[in-house]
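Trainee: need coordinates for the following:
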Amino acid sequence: MNKLSIIITYYNNEEHISDCINSLKNQRNQNFNLIIVDDGSTDSSTRIIEEEISDFDKEINFIKLENNHGHAHARNVALDNVETPYVMFLDADDVLASYSVEFYLSNINGLDGLIAPIHKFNLNKPQYVDKDKVRLEYLTQKSNPNSFLRKNSACNIVFKNAIIQAHNIRFNEELKIYTDASLVLEYINYVERFVRVFDFPFYFRGEVYDPFNGNTLSNQDFILTFEDYANSFFDSMNRTHNKKVKKFLVYKMKNEIKFGFDPSLKDIEVRYNMHEKTLVKVVKSLKWDLLSDAKLLYSLEMLFLAMDSVENAKYINNLRNVSRHVKNIVKNTKLKNRSKYYLTDKEDNVDSNTVVFESFGGKNYSDSPKYIYEYMQKHYPTLNYIWVFTKPEQNIITGNASKVKKGSKEYYEAYSKAKFWVSNARLPQYLNKKENQIYIQTWHGTPLKRLANDMKVVRMPSTTTASYKKNFYEETSRWDYLVSPNRYSSNIFKTAFWMDEERMWEIGYPRNDVLINRQNDVEYLEQIKKDLNLPQDKKVIMYAPTWRDDEFVKKGKYLFDLKINLENLHKELGDEYIILLRMHYLISNALDLNGYEDFAIDVSNYSDISELYLITDALITDYSSVMFDFGILKRPQFFFAYDIEKYDKGLRGFYMNYKNDLPGEIITDEFKLAEELKKIDEHKVKYSDKIEQFYNKFCSIEKGQSSKFIGDFINEQSKK
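Mentor: Got it, this is the predicted structure:
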């Protein structure tokens, strides 16, 4: 007879359930029973499970409920079917490391429970238990009852089934979300000795792909969970007489209030309005526990709540926020300028004649904001223009715009004052976009790779898929207008950016106006070549690869290994061609071009890529959206996709059929690339149909009038 039963209950977990089941199939120790309860799922979860367990050599008790009753009921049904000495719960969106069952069964030794840690999602899971890191402590209920109450979860605790069945311990089905404590607290009453595992991962919490519709407890919105958390708190307090446990429950509830109603939160007013009755009830129950170690203003806020004076409590809550900013100013901290902004920003500050421009987070004077500004400077010179730069002294701009340094006092004043914000990338969330301001987002490319909400998983440093998408959503909800270069992009923006048709301007990119209006301006093109010190008698090839999400070294810094083999290209093409190397701005390592100075030129920091397109005879790229802008010129493109299998499967995927819809050849070998580049004219003929099809789909609405459209719109709105 197996010693352990593992219970999985699920409801619409099609995104994660396969990983969960496979983590059990991969257990080195298979001495466990498996009980699965379908809590009335309506998606593909059940079909996926049936496929996964079809080759699982194990008897599985698969219980299917017709309707959804909540995981408390589903788990209670499963508990009625447990026949082993021990039982544990595994959420359907979580996974167990392959050594977990073996370790648990080897160390429980007849005790009343085993408590193991729950770790965050991680791609790089250990392959075995490192005995130098893992730590075990044998404890008693009398000395350490609160060990069972961490993480608000009954998962990854091995319970003794005899205790559960003898005392008919079950989950409280009246609770909706925070049900686990109801079982755990009852269980604690009968525990004597148990073992707790520290410092090593066994159980990994699943990654949330959709933070807006996901059902993972730790990623649900506070507004949706606080009332149930409070109900669970009252239920828990009634289930124990242990002073240590009560003290622990009170401590957790105090933190829920302290952090859940922090005055700096953007939605604090909504939180107060939604939960004022529940909040008052909790504060009254905690009484002086809330005030024992609290600061003056916080204590005053709690006192007002205890007296049912919610409006006064809200006033004090706001006062707490104000006091923090005053402290930053008085103490002259790094955040003093931002604090001044928070304290002084209001709708009355807005000047209808002021426009603020920012490109790539203040990196340079470039892209669509540049072309909108230059059109407006020429036609509406009396408006007040401001440009934001991280290094203003290094950026030269035409016209009468003032330059401000990002993060400075003048920077915050600009965003507080400007009626119009024009940017091609996301702006920081700490900038308060007011109702009487208009935010025009030009974006910076036709999407080939999946964006934002359409990304399955996000592999970037210092973020998770859920937090990345939440932050992106907060940003796109501020956009009044989003510029789209074609119908293909508009359709993508709807899902990727949560955009509606009314807020999209399908007019082409302002940065591409110059490609339409000046592609035959010989004098202009010659001047660009002179500025770059290029020989007039050689053709120009530009290499503009994308950045790869998984090549980061730290937040905001990425490494790139130049794969095109400069030595071979120089040997094969050096007599006729110059190659321009355009690396993405996120790439951190400088290119070493020693020995190739007369052949290869690093133009990564050249501010205007549109000017580079105009002098380029052929483009080498891979998965970069530069292909769409360059497609306007109907010139040859070569797609050096040396890692196409890895990129397509392992990173963000593609919107278009990459292998069929490109206006040129996919090349994976560096030597073949050099051979094909010798035949640029042949490629133009060979791929003429593809080039034309590509142009019609992605480039044909570009008429050179986008800057005019936006500039005229801003001018008209400024008069209202």
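
Trainee: every contact and neighbour count from this point should use C-alpha atoms.
Mentor: Fine.

Trainee: distance check, S236 against V184.
Mentor: Distance of S236 to V184, given as CA to CA, to the nearest Å: 9 Å.

Trainee: same question for I541.
Mentor: 67 Å.

Trainee: do N146 as well
Mentor: 10 Å.

Trainee: same deal with N144?
Mentor: 14 Å.

Trainee: T9 too?
Mentor: 17 Å.

Trainee: K678 too?
Mentor: Taken as CA to CA, the span from K678 to V184 is 72 Å.

Trainee: which one's more surrounded, those two?
Mentor: Neighbour count, other CA atoms under 10 Å: between K678 and V184, V184 has more, with 23 against 14.

Trainee: count the neighbours of S106 for me.
Mentor: Neighbour number of S106 under other CA under 10 Å is 9.

Trainee: that one should be in a helix, yeah?
Mentor: Yes - under DSSP: H, G, I helix; E, B strand; the rest coil, S106 falls within a helix.

Trainee: now do the helices in the stretch 201-350 of the chain.
Mentor: 222-237, 243-260, 268-286, 296-306, 310-330, 336-344 (DSSP state H, counting those that start in this stretch).

Trainee: what packs against the second one?
Mentor: Spelled out, it's helix 243-260. helix 222-237 (3 or more CA pairs under 8 Å, 6 or more residues apart in numbering; DSSP states H and E).

Trainee: contacts for the helix it packs on?
Mentor: Contacts with helix 222-237, where a contact means CA atoms under 8 Å, 6 or more residues apart in numbering, come from 175-179, 181-182, 185, 246, 249, 253, 260, 271, 274-275, 278, 282.

Trainee: next, the angle helix 268-286 makes with it.
Mentor: Compare the direction of helix 222-237 with that of helix 268-286 by axes from the mean of the first three to the mean of the last three CA atoms, to 10 degrees and you get 10 degrees.

Trainee: where do the helices sit along the stretch 551-700 of the chain?
Mentor: Counting by DSSP H, counting those that start in this stretch, the helices of the stretch 551-700 of the chain are 566-573, 609-614, 626-630, 644-650, 658-661, 670-677, 680-686, 688-698.

Trainee: tell me which of those helices sits nearest to R193.
Mentor: Distance to R193, taken as CA to CA, is lowest for helix 644-650 among those, at 46.0 Å.

Trainee: wait, N172 touches A72, no?
Mentor: Yes - using CA atoms under 8 Å, N172 is in contact with A72, at 6.5 Å.

Trainee: what's the overlap in contacts for these two?
Mentor: T179.

Trainee: for K529, see how far away V245 is.
Mentor: In terms of CA to CA, V245 sits 75 Å off from K529.

Trainee: look at these two and report which has more neighbours.
Mentor: The neighbour count for V245 versus K529, taken as other CA under 10 Å, is higher for V245 (20 against 17).

Trainee: let me know the pLDDT of the nearest residue to the more buried one once chain neighbours are set aside.
Mentor: For V245, ignoring the flanking residues on the chain, the nearest one in space by CA to CA, 6 or more residues apart in numbering is N146 at 6.0 Å. pLDDT for N146: 91.

Trainee: what do you get for S588?
Mentor: So S588 comes in at 45 (pLDDT).
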